[in-house]
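J.: Model the following, please.
(2 chains)
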Amino acid sequence: MRAAVIDGKAVAAELRAEVRADAQKLSELGWSPRLVSVSVGDSAAAELYVRNQQKQAESAGVQFEARSYPAETSLEQLIGILQGLNHDPRVNGIIIQRPLPDHIPVKALQKTVHPLKDVEGMHPASIGNIVYNDLALGPCTAVAAVEILKTLPLQMEGLNVTVIGHSEIVGKPIAFLMMGLGATVTVCHHMTRSVAMHSRAADAVFVAVGKPGLVTGDMIKPGAAVIDIGINRVETPDGARTVGDADFASCSDVAGWITPVPGGVGPVTVATLMKNAVLATRMQMDHYRDSYARTDV
Amino acid sequence: MTAQVIDGKAFAATVREKVAGHVARLKEENGITPGLAVVLVGEDPASQVYVRSKGKQTVEVGMNSYEHKLDADTSEADLLAVIDTLNNDPTVHGILVQLPLPKHLDEDLVINSVAPEKDVDGFHISNVGLLGTGQKSMVPCTPLGCLMMLRDHHGSLSGLDAVVIGRSNIVGKPMAQLLLGDSCTVTIAHSRTKDLPEVVKRADIVVAAVGRPEMVPGDWIKEGATVIDVGINRIDAPEKGEGKTRLVGDVHYESAAAVAGAITPVPGGVGPMTIACLLANTVTACCRANGLAEPEGLTA
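T.: Sure, this is the predicted structure:
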């Protein structure tokens, strides 16, 4: 094995320490960061996820309140709930847990969250800011993947990057974030004729498709970085396991760096959510001071 | 191989004709006349020419054209008040603030004060994000025009390798999004790109939007590729006489036309499409504002 395995947990711990220091500073100014998580309907998987977020929030010095609503809550009611949270000065960030019941279109909810409280970075204005290279609150997974790449001794400017998967919340924002850093980015997807041709030309490959084993070692340029965002449950003779979209064994023979699954991008994603909570709180504080607390008028 | 020349002038005329047809239908069936308001601040001569030309074409397709000419020293508050009035005017379906604005005005603030659903330029941050997340939006005119020409030439763009040269907010970035939306494999190249010739050589579709005269030579182009040249650059043309100039694109036309399958000329390629798409966006905005089915083929 040749590749250095990137320790996502260590990257996340470092990020959390920074967040904790920032949260402490904000608290001293009377702006203690506070997140509210909104779940609709029962989902054991989501519950596990929420509990994990809560634990991470506490260890980063961010207050966290989990609210659940019954599955039959209407879209109108949920929009009303979100508008209430938008107006509540004690709430600095809103998380909408997925999956949602079928009658609730997620985009309608994401659009309702005030952009200054959009800690998940899903509001069209948040995405628009990323496209315009003005990063405020970005989608957590995409930001986490890029933050991991930035820890490597690679020059981002002029770096050839291939992104496999063009989802709106991961693939495309990664492409725009990397482009903003000066990389030459190619975006591949299920209609791409030869993903291997593009991935082999890349100094860094991001893969976010949701297909175990999609990327194999022969598709990677020797020494390149592989950032694996996929999380897939697969059955093996030894029981169920969680794997990424990259075939770890063959890719780690060729790559220079690779993120493991689990323990790679995942932990950094949750830490990024906490970082967004601190950023959002700071933005709200600045906005409040600009609007109401000017002393020179 | 000699490339087929994509005639932007003729194609823009067909787009305008389509727009005119929809305008006539909206008037007859719904009693609605789409309206486009253009706000011009100051006396920039080039802007005045554009605004005149936009107004003329707006009227020609049967829409109402409203021009708001403000003094160069108009305050931000006054300009925002004009925009606010237009935002709330139900007879205005599209609002365009002619750029550049005088230095004392904050362009971002002004653009983002236009109601997103009336932002026929597609520059409002919400429209950028909606396009970025594959939702219904107002699409910037120049890349929309390029997309229409590509669809017309290729039929389906699915699976084609596309390279966009230039990462500007008004052309390169939205162009990349639109091509991804049509299932191209998209590479965005720019001034920091290493081995640009090699990157371009891979592409079935090349969109050049950098603003550097004739920077893409024919030997970068793959045999049979489609070349869309967004650049409009004025260069000296001593061969035409002392002090004369001519317009060229970002692509070296003669050498590229010798290898490409199809190419847009400069002038007469992408240029004429931009205003046609502005009119198309206004009709689309009008239909959406009135809860009517939007015309097909006029947006992304």
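
J.: helix, strand or coil for B:His53?
T.: That one is not His; residue B:53 is Ser. helix (DSSP: H, G, I helix; E, B strand; the rest coil).

J.: can you pull the pLDDT of it?
T.: At B:Ser53, the predicted lDDT confidence score is 94.

J.: Apart from its neighbours in sequence, what residue is nearest it?
T.: Spatially, and ignoring its direct neighbours in sequence, B:Ser53 is nearest to B:Ile275 (6.6 Å; Cβ to Cβ, 6 or more residues apart in numbering or on different chains). (C-beta placed from N, C-alpha, C; glycine too.)

J.: ok, now which ones touch that neighbour?
T.: Contacts of B:Ile275 were listed using Cβ atoms under 8 Å, 6 or more residues apart in numbering or on different chains, and they are B:Ala12, B:Ser53, B:Lys54, B:Gln57, B:Cys141.

J.: Which parts of chain B are strands?
T.: B:4-5, B:35-41, B:64-70, B:94-97, B:161-165, B:185-189, B:205-208, B:226-229, B:233-236, B:245-248, B:262-263 (DSSP state E).

J.: quick one: low-confidence ranges for chain A?
T.: Within chain A, the segments meeting pLDDT under 70 span A:1, A:294-297.

J.: Can you list the residue ranges for strands in it?
T.: Assigned by DSSP E, chain A shows strands spanning A:4-5, A:34-40, A:63-69, A:93-96, A:160-164, A:184-188, A:204-207, A:225-228, A:232-236, A:239-243, A:257-258.

J.: how about the nearest residue to B:Val23, chain neighbours excluded?
T.: B:Gly62 (4.1 Å).

J.: count of neighbours near that neighbour?
T.: Residues lying near B:Gly62 (other Cβ atoms under 10 Å in any protein chain shown) number 17.

J.: Also B:Pro90?
T.: With other Cβ under 10 Å as criterion, B:Pro90 counts 9.

J.: Quickly note the distance from it to chain A.
T.: With distances taken as Cβ to the nearest Cβ, to the nearest Å, B:Pro90 is found 23 Å from chain A.

J.: who's in contact with residue 141?
T.: Chain wasn't specified; assuming chain A. A:Thr141 sits next to A:Ile169, A:Val170, A:Ala208, A:Ile229, A:Val265, A:Thr269, A:Thr272 when contact means Cβ under 8 Å, 6+ apart.

J.: wrong chain, I was asking about chain B
T.: B:Val120, B:Asp121, B:Gly122, B:Met273, B:Thr274, B:Ile275, B:Cys277, B:Leu278, B:Asn281.

J.: quick one: which of the residues you listed is nearest B:Gln48?
T.: Nearest to B:Gln48 among the contacts of B:Cys141 is B:Ile275, at 14.8 Å by Cβ to Cβ.

J.: In the stretch 1-150 of chain B, what residue comes closest to chain A?
T.: B:Gly129 (3.2 Å; Cβ to the nearest Cβ).

J.: As a check, name the ranges of all helices in the chain.
T.: You didn't pick a chain, so chain A it is. Secondary structure of chain A (DSSP state H): helices at A:8-28, A:44-59, A:75-87, A:106-112, A:124-131, A:140-150, A:171-180, A:195-200, A:248-254, A:265-292.

J.: was after chain B, sorry
T.: For chain B, helices defined by DSSP H occupy the ranges B:8-25, B:45-60, B:76-87, B:107-111, B:125-132, B:141-154, B:172-181, B:196-201, B:253-257, B:271-289.

J.: What number of residues are in the vicinity of A:Tyr292?
T.: Neighbourhood size, A:Tyr292 [other Cβ under 10 Å]: 7.

J.: list the buried ones in stretch A:215-228?
T.: A:Val215, A:Gly217, A:Met219, A:Ile220, A:Lys221, A:Ala224, A:Ala225, A:Val226, A:Ile227, A:Asp228 (16 or more other Cβ atoms under 10 Å in any protein chain shown).

J.: Centroid-nearest residue for chain B?
T.: B:Thr142 (1.4 Å; Cα atoms, centre = their mean).

J.: just checking, it touches B:Ile170?
T.: Yes - assessed by Cβ atoms under 8 Å, B:Thr142 is found in contact with B:Ile170 at 6.7 Å.

J.: what does the stretch 101-250 of chain A have sitting close to chain B?
T.: For the stretch 101-250 of chain A, the residues in contact with chain B (Cβ under 8 Å from any Cβ of the partner chain) are A:107, A:123-132, A:157-158, A:160, A:166, A:168-169, A:172-173, A:175-176, A:179, A:182-189, A:191-193, A:197-198.

J.: Now, of those residues, which are buried?
T.: A:123-132, A:160, A:166, A:168-169, A:172-173, A:175-176, A:179, A:182-189, A:191-192, A:197-198.

J.: How many residues are close by the closest residue to A:Pro105 other than its chain neighbours?
T.: Of all residues not flanking A:Pro105 in the chain, A:Leu75 sits nearest, at 7.3 Å (Cβ to Cβ, 6+ apart). When counting by other Cβ under 10 Å, one arrives at 15 neighbours for A:Leu75.

J.: any idea of the pLDDT on B:Val49?
T.: pLDDT, B:Val49: 93.

J.: list the contacts for it?
T.: Taking Cβ under 8 Å, 6+ apart as the test, B:Val49 contacts no residue whatsoever.

J.: Next one: the closest residue in space to A:Ile79 that isn't next to it in sequence relative to A:Pro267, how far apart?
T.: Nearest residue to A:Ile79 in three dimensions, chain neighbours excluded: A:Thr112, at 5.2 Å (Cβ to Cβ, 6+ apart). According to Cβ to Cβ, to the nearest Å, A:Thr112 and A:Pro267 sit 29 Å apart.

J.: which residues touch A:Tyr132?
T.: B:Ile125, B:Val128, B:Asn169, B:Lys173.

J.: so the last one touches A:Val131, yeah?
T.: If I follow you right, that is B:Lys173. Yes - using Cβ under 8 Å, B:Lys173 is in contact with A:Val131, at 5.6 Å.

J.: Would you mind listing where chain B has pLDDT under the threshold?
T.: Those would be B:1, if you go by pLDDT under 70 across chain B.

J.: Show me what from it comes close to chain A.
T.: So chain B meets chain A at B:124-135, B:158-159, B:161, B:167, B:169, B:173, B:176-177, B:180, B:183-190, B:192-194, B:199, B:202 (Cβ under 8 Å from any Cβ).

J.: now do 7 Å
T.: B:125-126, B:128-130, B:132-135, B:158-159, B:167, B:169, B:173, B:180, B:183, B:185-189, B:192-194, B:199 (Cβ under 7 Å from any Cβ of the partner chain).
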